[in-house]
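>>> need the 3D shape of this:
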Amino acid sequence: MHRKRPELPVPTQRRTVVKAAAGAVLLTGAAAAPARATSARRRPRAGRVLVFSKTAGFRHDSIPDGIAAITNLGAQGGFAVDATEDAAAFTPGNLARYAAVVFLSTTGDVLDSGRQTAFEGYIAAGGGYAGVHAAADTEYDWPFYGGLCGAWFQSHPAIQRATVKVEDHAHPATGHLGDTWVRTDEWYNYRTNPRATATVHVLAALDESSYSGGTMNGDHPISWYQKYKGGRAFYTGLGHTKESYAEPAFRQHLLGGITYAMGVAK
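Take a look at the predicted model:
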């Protein structure tokens with residue numbers, strides 16, 4: 001059973017300072033940006049990422065570690081990072097400021113119908129999505145989101161060590177890895193196999209014989225990407241634990257997925 005706990009109170013926005021390649025850039029929270037008459041068809045601005053971590057169900061205590069890691073990766077990769085828990089950031093004008101939106105262990109129903117429409121327009125205009133871990137435990141009644149993420153969460157066994165089989169050594173999210181990657185995490189089972197989706201390209205899958213509790217009959221994708229309805233999407237099931245965000249190989253995996261979603265890495 002996937003655990004559910006009451007959502008903890010969180011600030012609606014953050015201020016983050018990131019040093020990009022050209023120098024220091026001061027960022028304000030995304031939700032505080034002034035409204036603009038920006039067309040939903042406008043190409044998103046490169047070099048800026050929104051991290052969205054609102055939860056309406058179980059809340060992962062690794063979320064602050066994830067935000068800190070992505071902020072640090074932004075400094076490393078030359079992109080600015082805004083972090084918010086405020087769904088009001090999902091307007092056409094505000095979303096057009098970002099090359100990608102990272103759903104960082106979001107859970108439950110986090111966007112109303114108006115915010116959903118704005119995000120659909122953002123993806124159609126060429127925007128990017130990167131889903132991390134519990135992003136698959138989000139918005140079960142929104143078919144567009146299920147397609148964008150690639151699969152919805154079903155269950156998970158206890159946190160344990162498992163072997164990840166790397167299927168793609170060309171993608172920036174997995175190019176630094178060998179044929180296998182042994183690590184500890186909370187390994188999700190999914191309601192459907194994303195490999196059955198024509199647009200999904202699987203990057204890595206779990207070896208179900210290496211741990212207990214896998215329920216996907218030996219074909220268990222855990223990370224993938226796709227072109228989706230005009231935009232780009234990356235998802236990784238890794239990232240439950242705080243320790244993940246201090247792990248160099250996982251951080252590189254995350255950076256590669258985000259830069260793909262941004263359209264920077266091919």
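
>>> okay, CA-based contacts and neighbour counts for the rest of this
Noted.

>>> now the strands for the stretch 1-150 of the chain?
16-20, 23-27, 48-52, 80-84, 100-104, 128-132 (DSSP state E, counting those that start in this stretch).

>>> and what of the stretch 151-266 of the chain?
153-155, 160-166, 180-185, 189-190, 201-206, 220-228, 231-236.

>>> closest to residue 51 out of the ones you listed?
strand 231-236 (13.9 Å; CA to CA).

>>> ok, the closest one: who's next to it in the sheet?
Strand 231-236 pairs in its sheet with strand 128-132 (parallel), strand 220-228 (antiparallel), by DSSP bridges.

>>> mean neighbour count, the ones you listed: which tops it?
Sort these by mean neighbour count, taking mean count of other CA atoms under 10 Å, and strand 128-132 sits at the top with a mean of 28.

>>> now that one and strand 48-52, what's the angle there?
40 degrees (axes from the mean of the first three to the mean of the last three CA atoms, to 10 degrees).

>>> chain center to strand 128-132: distance?
Strand 128-132 has its C-alpha centroid displaced from the chain centroid by 3 Å (CA atoms, centre = their mean, to the nearest Å).

>>> just the CA atoms of it, as CSV, please.
Output of strand 128-132 as CSV, limited to C-alpha atoms (Å, rounded to 0.1, in the frame of the first residue of the first chain):
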residue,chain,number,x,y,z
GLY,A,128,9.1,20.5,-21.3
TYR,A,129,8.1,18.2,-18.4
ALA,A,130,10.4,16.3,-16.0
GLY,A,131,8.6,14.0,-13.5
VAL,A,132,10.5,12.7,-10.5
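
>>> average pLDDT for it?
The average pLDDT within strand 128-132 is 98.

>>> if I pick residue 167, what's in contact with it?
179, 202-205 (CA atoms under 8 Å, 6 or more residues apart in numbering).

>>> residue 144 now?
residue 120 are the contacts of residue 144 under CA under 8 Å, 6+ apart.

>>> what does the one 3 residues further on give?
In this structure, residue 147 makes contact with residue 228, judged by CA under 8 Å, 6+ apart.

>>> distance-wise, check the nearest residue to residue 214 once chain neighbours are set aside relative to residue 230.
Nearest non-adjacent residue to residue 214, counting by CA to CA, 6 or more residues apart in numbering: residue 208, 5.5 Å away. As judged by CA to CA, to the nearest Å, residue 208 and residue 230 stand 34 Å apart.

>>> how about residue 203?
21 Å.

>>> do the same with residue 75
Residue 75 sits 28 Å away from residue 230, taking CA to CA as the criterion.

>>> pick out whichever of the two has more residues nearby.
residue 75 (20 against 14; other CA atoms under 10 Å).

>>> my read: residue 58 touches residue 134, true?
No: Residue 58 lies out of contact with residue 134 (CA atoms under 8 Å); the separation is 9.0 Å.

>>> any common contacting residues for the two?
Joint contacts of residue 58 and residue 134 (CA under 8 Å, 6+ apart) are residue 107.

>>> who has more neighbours, these two?
residue 134 (26 against 19).

>>> ok, which stretches of the stretch 1-150 of the chain are helices?
Applying DSSP state H, counting those that start in this stretch to the stretch 1-150 of the chain gives helices spanning 63-77, 92-95, 113-124, 143-149.
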